[in-house]
Structure formats: C-alpha cells, structure tokens
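Trainee: Based on what follows, work out the 3D shape:
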Amino acid sequence: MSVNTEKTAGPLTIGLDIGIASVGWAVLAPDRIVALGVRAFDAAEDKDGKPNNQTRRGARVSRNRYDMRAWRFKKLVRLFRDVDMLTNREIKHLFSAQHEKNQPPLISPWQLRAEGLTRKLTPQEWAQVIYHLVKHRGFKFFSKTEDPRNSDTDDEATSSDKTSEQKEREGLRDGLEYTAKLLRKYPQFKTIGEAAYYIANAQQDNDGSYRDKDDNRLEAKDCGEFQESFRNKGKSYRHAFHRDDLLDELTKLFEAQQQLGNPHTDLVLRDDIDRLREVQISSETRPVGPTFRDQVLALLELQHPPIYTTQMDALIGDCELESEERNGRSKAERRAAKHSFSNERATWLQTLNNLRIKRSGKEDTLSPGERSLLLNLPYTQAKVTFKQAREALRTSFGCNR
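Mentor: Numbers count the residues shown, from 1 in each chain. Sure, this is the predicted structure:
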C-alpha cells in the first residue's frame, strides 16, 4: 500500500480486527480514513468445524498418556525383578504378549484377587495380581466437574437429544454407581475383585436362583452380567470401577498377604534399587516410602495433571495495576484467573461504570442509588441480563427507565 505523505501528514493509527478466517485493517489519520481493507483466508478447521489445534492437542494428550502408562508398567516389572520376586524368564512368561511353549496356563488374575485374601500366593501369582490392578486401575476424578456422578444431565431428555459425550458420561456414571453398590449389596465380600469373581462363578440352583461359595443368595441379573464378561465391552461402562475401590482392594490384599507370611509386602528396598522418591497425583506431590508396598501403591495412584502448576504460572502475566513500581515490592502481582471472584467482580464493576440509561430521551450514567441497587445483583441469582437489571431499576425507582 502506498500513501501520499502530503495527505497523511501527522500521526497515523492502525487498527486490526483479527479473526479465525480473516484480518480486517484500517489506517486512520486524525481527521479521515486513509485506507482500509480485509484479507480473507481458509479457517484452521476441519470439515466439521473443529479447530485443527484441538485435534493436535487431543493426539498429543493421548500420546503422553500412553507413554506414561508404558512407563508405569516398565517401572513395576523392574521392581519385581529388583526385589528378586521374578526372574527375567518368569517376567517374559507372565507379561509378554507371546508366552513360551510348554508352560502351564496362567490362573485368572480375578481368581487370584479373590483367593489372595485367604491363602498365601506364590511370587508369580502375587505379581499377577499386582500387575492386573496397576494396569486396570479404574477411574479417578480430581474435580467435581469431571466426575459424571455429580453431573446434572437431564435424564428426562430423549436419547436423540443427547450428544455422544452426554451419553458416554451417563453410561460411565451408571457403571460407577452400579459397581460401588455391589459391596453394600453383598457385605460377605471384602473387596470389589472378590465380589466380581464369585458373582461371575456363582452356581445356579434348580429353582433358577444363584448362590455364592458360602450358599448366600445372589441376584440373577448381577450374575448374568459378570458371567458374560468381567470387563467392559464396546462402548459399555457397566463394569467400570472407581480407583479408590481398587486402591482399597490392593491395600487389603497387602495386609492379608503380610499376615499369611508373604515376604513381598513390607519389604524395604535396597539402597541400590532405583525407586520412586515422590509422585505427582494431580496437582499434589506426595513422598513415597522405601517399602515394596509403598512403591506399588504409588504406581497405582500416580496421575500427572493436564498441566503442571509451574507451567500454568509461566502462562500468567503480571498485573499492570500491581507492578513492581506501583506496589513497592520486589515482585509484581500476577493477573487474576478469569473465573476468580476478584476478576469477576472487577468485570462487573467495569460493566456498571460503562452502563448507560435513558432519562427523558437522553443517555446518562447511573446515579449512586441505582449503582448501589445493582452492585450485588450478580450474587443473588445465577445469571444477570440487562433485562433483569432494567426490571430491578423499574421496580425500585419507577418506570421512567
């Protein structure tokens, strides 16, 4: 763009309106528009309108999750070897995708989880149980908004009105609630693994009723579901387990094996073994003890947050109103989070400052009384609209507003 300098003498103002598919621009002189235009381009979205960066971020999160999962398994298997619990050949036989020939078939880990409460397991069986629980460690939510059991989804809505995400959350919620009720429904079982195994292997009487090993009656519906499959299949979450229930089961198994004389419970690790010193569980960092039990429980609970606190702090800028020069301290204050109380209140106060009402056809600012009336309006209801503010003013000060 070429501009005649004689016609544009004086300061120029450049304005940009940057969108996802275009950039509008304008050059302004004090008394006129010098030039303006727009540049349009293809939006960075797929055919469904989903941003490309969202797709890349989802793939990156999945890669990190699988990498961390593989690291936990590798760390656990090395722990088995370092404490002389398993040899390399036994590790290959137990956890390799292709088992060696002429080896006895492995016992189901579900059966071992149930029997481990009453009999001493061999090192191979004990390793199977631990690996199975650490691998299938259930669901854990670190905020109430993530937990589908706290979801306020409208159950009366028709299936066609619900999105796939809503249907998935409802299925997960129902599955977690179902499995959590099993121990309350059948108090004869100590752990969720024991309940699942004996329900799945219940014997059916001639009258069609099901009974467990101690001749306790079980519901036919529960037995039928677990006899079909222990794990979830397809998009079903019917047999979803909460991580806290599985952590409680592993703790009880450690206690039972210790009482039965299993040496691989509270064994203190040698100094030459590379062990975990601390683990990150969401935003909390916890120290890890030196025993075999401490290391296993830490590997089950370990959960890296989507973003670390240090990474989050690096993304937050300094507040211009609380800079080092203004506050008189050696460190500037960080900007408040968007949904923090102080930031939301500042936004509302700024909205009140900019609010104008018409009095006899002329715009005017709020009077002290009107401002005082609206000041706490957002804290008395979930949502505030201009219509609600107008009705509040009319109710208190009359209809000339």
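Trainee: Show me which parts of the biggest helix by length in the chain are buried, residue by residue.
Mentor: For the chain, the helix reaching the highest residue count under DSSP state H is reported as helix 52-82. When neighbours are counted by 16 or more other Cβ atoms under 10 Å, the buried residues of helix 52-82 are found to be 72, 75-77, 79-80, 82. Backbone N, C-alpha and C define where each C-beta goes, glycine included.
Trainee: got it, and stretch 110-127?
Mentor: Neighbour-count burial for stretch 110-127 flags 110-117, 121, 123-127 (criterion: 16+ other Cβ under 10 Å).
Trainee: hmm, who's touching that stretch?
Mentor: Residues outside stretch 110-127 that contact it (Cβ atoms under 8 Å, 6 or more residues apart in numbering) are 80, 85-86, 90, 94, 107, 128-129, 132-133, 190-191, 193-194, 196-198, 200, 230, 249, 252-253, 256-257, 260-262, 264.
Trainee: buried subset of these?
Mentor: Using 16+ other Cβ under 10 Å, the buried ones in these are 80, 85-86, 90, 94, 128-129, 132-133, 190-191, 193-194, 196-198, 200, 230, 249, 252-253, 256-257, 262, 264.
Trainee: those strands in the chain, which residues are they?
Mentor: Here the chain has its strands, by DSSP state E, at 13-18, 22-28, 33-40, 203-204, 210-211, 217-218, 278-281, 284-287, 356-359, 362-365.
Trainee: List just the one of these that sits closest to residue 169.
Mentor: Minimum separation from residue 169 across the strands of the chain (Cβ to Cβ) falls at strand 278-281, 23.1 Å.
Trainee: For residue 56, see how far away residue 173 is.
Mentor: Residue 173 sits 30 Å away from residue 56 when distances are taken as Cβ to Cβ, to the nearest Å.
Trainee: Same check on residue 353?
Mentor: Relative to residue 56, residue 353 is positioned 40 Å away (criterion: Cβ to Cβ).
Trainee: Mind checking the strands of the chain for the one nearest to residue 49?
Mentor: Closest among the strands of the chain, once you apply Cβ to Cβ, is strand 22-28, at 16.1 Å.
Trainee: what's the distance between that closest one and the middle of its chain?
Mentor: Here the centre of strand 22-28 is set off from its chain's centre by 41 Å, with Cα atoms, centre = their mean, to the nearest Å.
Trainee: what are the pairing partners of that strand, and which direction each?
Mentor: strand 13-18 (antiparallel), strand 33-40 (antiparallel) (DSSP bridges).
Trainee: Convert the first one to CSV, retaining C-alpha atoms only.
Mentor: Output in CSV follows, covering the C-alpha atoms of strand 13-18 (Å, rounded to 0.1, in the frame of the first residue of the first chain):
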residue,chain,number,x,y,z
THR,A,13,-3.5,5.0,13.8
ILE,A,14,-3.5,1.4,12.6
GLY,A,15,-6.4,-0.9,13.6
LEU,A,16,-6.6,-4.6,13.2
ASP,A,17,-9.6,-6.9,13.5
ILE,A,18,-8.1,-10.4,13.6
